[in-house]
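1. Test case, fold it:
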Amino acid sequence: MRISLLAAGLGLLLAPAVAQAQSTNSGTDKFAQLGTELPTPNEYRAASGAPGSKYWQQRADYNIKVSLDDQKQAITGSETITYTNLSPDVLAYLWVQLDQNILAKNSITASTNVGQVTNGRLSFQDLDGQLATAEFDGGYKIAAVTSANGQALKYTINHTMMRIDLPTPLRPGQAVSFGVKWSYNISDQLKINERSGYEYFPEDKNYLYEMAQFYPRMAVYSDATGWQNKQFLGNGEFALPFGDYKVSITVPADHVVGATGTLQNASQVLTAAQMKRLAQAKGAKKPVLVVSQEEATRNESSRATGTKTWTFDAKNVRDFAWASSRKFIWDALEITQAGKPVLCMSYYPKEGNPLWGQYSTEVVAHTIKTYSKYSIPYAYPVAISVHGPVGGMEYPMICFNGGRPEKDGTYSADRKYGMISVIIHEVGHNFFPMIVNSDERQWTWMDEGLNTFCQYLTEQEWERNYPSRRGEPKDIVNYMRTDKSLQSPIMTNSESVLQFGNNAYGKPATALNILRETVMGRELFDYSFKTYAQRWAYKHPQPADFFRTMEDASAVDLDWFWRGWFYGTDRCDISLDGVKSYRPNTRNPSVEGPRLQNERKAQVPSISVQRNATDIKTTAVDDKPELKDFYNGYDPLTVSPADQQRYQQYLTGLTPEQQTRLGGNLNVYELSLRNVGGLVMPVVLQMTYDDNSTELMTIPAEIWRKNNEQVTKLIVSPKNVVSFVIDPFQQTADTDLSNNAYPRQATPSRFDIFQSGQAGNNAQQPRNPMQQAKESPVEKRENKPNPQ
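-> I've put the predicted structure just below:
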C-alpha cells in the first residue's frame, strides 16, 4: 500500500496539481444558488424566510349546526360563514371547498383513478372497493346558499369547488356573512377508503362515526397563489384559513361525542359521574376513565329514541372534525405545556383494548410534550386520539387512528408499535399543518415530511431503540435505489407524486435527519427548525419560506442540499476508488539509502529472473571477468561522504520546524473519491490505525464544489492507517456500501438452500421460531387510496 515519494516538499508539490484537477464541472453545477427556482422576495414574504412587513392572511369564522341520522347514516347541516378580507385586493367572488364531492357520482377522482390487474390477480377488497365507489352517492346535496338577510346567492359548483358570486365586491378590511345548507350520505369506511366515514359492528349492531370534511369550507386566498381552488383529487389534502368555530352536533342521546375544541354544555350531555371523573383528570398521574369499558359495553345495547346536542367552541383553528358512537370508552389526562393546561383524551370501542386503554392517551401526552420541545409550545386546550375505521387522519385537536388487537386481545409487536407510531404521527399534525399551516393541496411534504421527521424524534424519546420505520437514512436506501423513472422530486405537486409514502413522508424526513445529524449539527438545526415554526405559526408558509429560514437562522448555505434532495432524484453513492500512501523523503542518505536497499531486497523477482537463475548456468561476463568495470560493483544506494555533505548543505536552508517535519513520522494518504450516484453529500470517513484505534472525520459537502463528480483528498497523519471506510454508520443514505471501503471489504449476506422443486413454496421454507410474523404496520392513510 505504501510507495516512496522522492520529493521532500510533499504538500507544496501536490497542491497545485490537485487544485487544477478539481477546477471543472460537467453538466449542471450542483452548488449553483437557487435563483429562479425560488420566488422573488417581496413585502409579503421576506428574503430571510420570515413573513414580510406587509404579510396578510384571510379569516373565516363558522357557526355550524349538524345532525347525525344513525338510521340512514347521513348528515344534515347548516352553517353561517363570516369571511373577512384582510388582503389588499377587491374580491368579486368567494371559493368554497366541497371535498365530500370526491364521492359524488360524477367525481373526477373516480374517473381518473388508475389501477391494474397484477399477474392475473385482483383482490376481493380492491374489487369491492371499485364497485362500492361506483354505486355510492356520497356527494354534497346543497340545499341553499343565502346572504345574511336570507336572500339567495348565485353559486356555481365545479366538482369539489363552489364559487359564490357576491352581490357587492368585498373590499379590503370588509367582512361578509353567508349561509349554506347541505346534506350527504356517510360512506362505509371499510368499503370506501376515505378520510371520513363509519364502521358497522355486526356483533352489537352499532355504528362508529368519524366525521371530517363534513361541511363546506372556505378555500385559501393568499399572496402566493390567489385563490387555492385546485380540485381535490385524493392525495393533495387541504389548504384552509384560520378562524373561530362554534359547532352544535345533534346525535342520538346515548352517543358519546369527541370533537375539535372545548365542550361548552357538559352539564347537558354528561352525567354527574362523568363530569366528576373528567374533573379528576386535571390532577391525575395517569389517564382517568370518564366512560369505562363496562359502561360502554352496557351502552351498546341502548337504543335511545331522543337526541342530544353537543356544542363545541374552538378558537383560531383551520378546521373542525368530530367522532360519535355509543360504543366509546373515554379516558383523559391533563398535562401542563408552557404553563397552560392541555387535556389529552382518547375515545375507542372495547375492540381497541387492551392496547388503547394502556397506550393511547399516554402517547398523546408524550407527543404534545416532545413536539413542543422541537417546534413551538402547543397552545390548544385539548388533544384527542380516536380509534375507529380510519387508519390515520389529522384535524385540529383531534385525530383518527388505527391499530386494533385481535379479537382475543392479543397483538404482535408490529401492531403495538404501528399503533403508537400512527398516534404520534397524527397528534403531531397539530403542529404541521394545523398550526404551521402549509398548503397541503400543493405540497404534501411540507406537512407530512416535517411531521414524519418530528415523529421519528418523538418515537426515539418514547422508548430507547424504538423500531421507527422512517427517519433513519438506511431506511430510505431501497427507495433511493429505484429507477429514476419510478421517482419524482419532493418538489412535485401532491397529486403527481410517484411512490407517495416514500416521496412525501420518508425522503423529506430522512433529509431533515441528515441535515440535523451530519450537515448542520443538532444545535444549528434545532434552532433553525424552531425559528421556522415560530415564524410561521398560525400562518401560511411556502417551501421557499422553509428553505430560506433554515439558512437564515444557521448561516449554512443549503442550496446544494435543497437542489439535490428536494428538486432532484439523484442518489447518494460515494465510491472510494483508491488510496495512495506516501511518506516524506527525509533526504538523509543514511536513512533513505538503507530504506531503499531493503525495499529492493523485498521486491519479488519476475518469473523470468527466477527461471534464468537455474536455466542459465553462466553468463558472458562470468566467463570473461575482463568485461567487468566500475559499474559492475557499484551500488548507487551506498552512502558516500559526498552524499552526507550535500544533505548537510540542504538542511542549512530549512527552518528548525521544517527540519523537524522532514524527519518526522508523517503519513500522507491521497484518497480518490467518485460521486457515482450524483447527489453531492458530506464524506463521512472513518480511519482505522495499526494500533486498532479509530478516528471519524466528516468532510463537508463543499469538497465537491469545484468538481461534482470526482475529487482527491489528502489525509496527513502521524499514525499508520490500515483501512478507510466511508459512511460507517450509514448516516448519508449511501445506496452502495460495497465501494465504501479501502481496502475493499466483503459484504456479508445469506442465502437459502432448498430442495429442488421447492423454490418459492413459503410453506416448506424453514422458519425462525424467534421471528414474529410480520404485519403491515398501522401507518398514515393505511385505509386510503394509494398510500404509497
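2. CA atoms for contacts and neighbours, from now on please.
-> Fine.
3. Low-confidence ranges, this structure, go.
-> Along the chain, segments meeting pLDDT under 70 span 1-27, 757-788.
4. For it, which residue is located at the greatest distance from the centroid?
-> Largest separation from the mean C-alpha position in the chain: residue 626, at 84.2 Å (CA atoms, centre = their mean).
5. Over to residue 246. Which of the three states is it?
-> Recorded secondary structure, residue 246: strand (DSSP: H, G, I helix; E, B strand; the rest coil).
6. That one and residue 64 touch, don't they?
-> Yes. The pair formed by residue 246 and residue 64 meets the contact definition of CA atoms under 8 Å, at 6.2 Å.
7. Could I get the full set of strands for the stretch 101-250 of the chain?
-> 141-147, 155-158, 161-170, 175-185, 197-201, 206-211, 217-218, 221-222, 226-227, 243-252 (DSSP state E, counting those that start in this stretch).
8. Doesn't the residue farthest from the centre of the chain lie inside a helix?
-> Yes. Assigned with three-state DSSP, residue 626 falls within a helix.
9. Mind checking the strands of the stretch 101-250 of the chain for the one nearest to residue 634?
-> Nearest to residue 634 among the strands of the stretch 101-250 of the chain is strand 221-222 (89.1 Å), distances taken as CA to CA.
10. Can you give the contact residues for that closest one?
-> 56-58, 87, 227-228 (CA atoms under 8 Å, 6 or more residues apart in numbering).
11. Is the most centrally placed residue in the chain in a helix, a strand, or coil?
-> For the chain, residue 509 is the residue whose C-alpha lies nearest the centre (CA atoms, centre = their mean; 2.1 Å). Following three-state DSSP, we place residue 509 in the helix state.
12. now it, nearest residue through space, not along the chain?
-> Nearest residue to residue 509, sequence neighbours excluded (CA to CA, 6 or more residues apart in numbering): residue 453, at 4.3 Å.
13. Equivalent analysis for residue 103, please.
-> residue 138 (4.8 Å).
14. can you check residue 582 too?
-> residue 668 is the one closest to residue 582 (CA to CA, 6+ apart), at 4.9 Å.
15. Check which helices and strands the helix or strand hosting the one you found sits against.
-> For residue 668, the element it lies in under DSSP states H and E is strand 667-675. Using 3 or more CA pairs under 8 Å, 6 or more residues apart in numbering; DSSP states H and E, the elements in contact with strand 667-675 are strand 574-582, strand 710-717.
16. returning to what we had before: tell me which of the strands of the stretch 101-250 of the chain sits most buried.
-> strand 217-218 (a mean of 26; mean count of other CA atoms under 10 Å).
17. how about the CA coordinates for stretch 655-673, as CSV?
-> Only the C-alpha atoms of stretch 655-673 are listed here, as CSV (Å, rounded to 0.1, in the frame of the first residue of the first chain):
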residue,chain,number,x,y,z
THR,A,655,13.9,26.3,9.3
PRO,A,656,14.0,24.2,12.5
GLU,A,657,10.3,23.5,12.1
GLN,A,658,10.8,22.3,8.5
GLN,A,659,13.8,20.1,9.7
THR,A,660,11.6,18.5,12.4
ARG,A,661,8.8,17.9,9.9
LEU,A,662,11.2,16.4,7.3
GLY,A,663,12.5,13.9,9.8
GLY,A,664,9.1,13.3,11.5
ASN,A,665,6.9,10.2,11.2
LEU,A,666,4.3,11.6,8.8
ASN,A,667,2.0,9.6,6.6
VAL,A,668,0.2,11.2,3.7
TYR,A,669,-2.7,9.4,2.0
GLU,A,670,-4.3,10.5,-1.2
LEU,A,671,-7.9,9.3,-1.5
SER,A,672,-9.7,9.2,-4.9
LEU,A,673,-13.4,9.9,-4.3
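18. hmm, back to that, quick one, which of the strands of the stretch 101-250 of the chain is nearest to residue 449?
-> Taking the strands of the stretch 101-250 of the chain one by one with CA to CA, strand 221-222 is closest: 22.7 Å.
19. Could you look up the SS state of residue 295?
-> Residue 295 ends up helix, using three-state DSSP.
20. so what's the closest residue to it other than its chain neighbours up against?
-> Closest residue to residue 295 apart from its sequence neighbours, by CA to CA, 6+ apart: residue 329 at 7.9 Å. Applying CA under 8 Å, 6+ apart, we find residue 329 in contact with 289-293, 295-296, 346-350.
21. rewinding a little: strands paired with the very next helix or strand once past the strand holding residue 668, and their directions?
-> Downstream of strand 667-675, the next assigned helix or strand under DSSP H and E is strand 683-689. Within its sheet, strand 683-689 is paired with strand 694-699 (antiparallel), strand 721-726 (antiparallel), according to DSSP bridges.
22. Can you give me the buried ones in the first one?
-> Neighbour-count burial for strand 694-699, counted by 16 or more other CA atoms under 10 Å, picks out no residue.
23. Next, report how far the helix ranked longest in the chain is displaced from the centre of its chain.
-> Across the chain, the helix with the greatest residue count (assigned by DSSP state H) is helix 355-374. Distance of helix 355-374 from the chain centroid (CA atoms, centre = their mean, to the nearest Å) equals 19 Å.
24. what distance separates the very next helix or strand once past that helix from the centre of its chain?
-> The element immediately downstream of helix 355-374 (helix or strand, assigned by DSSP H and E) is strand 382-387. Distance, stretch centre to chain centre, for strand 382-387: 23 Å (CA atoms, centre = their mean).
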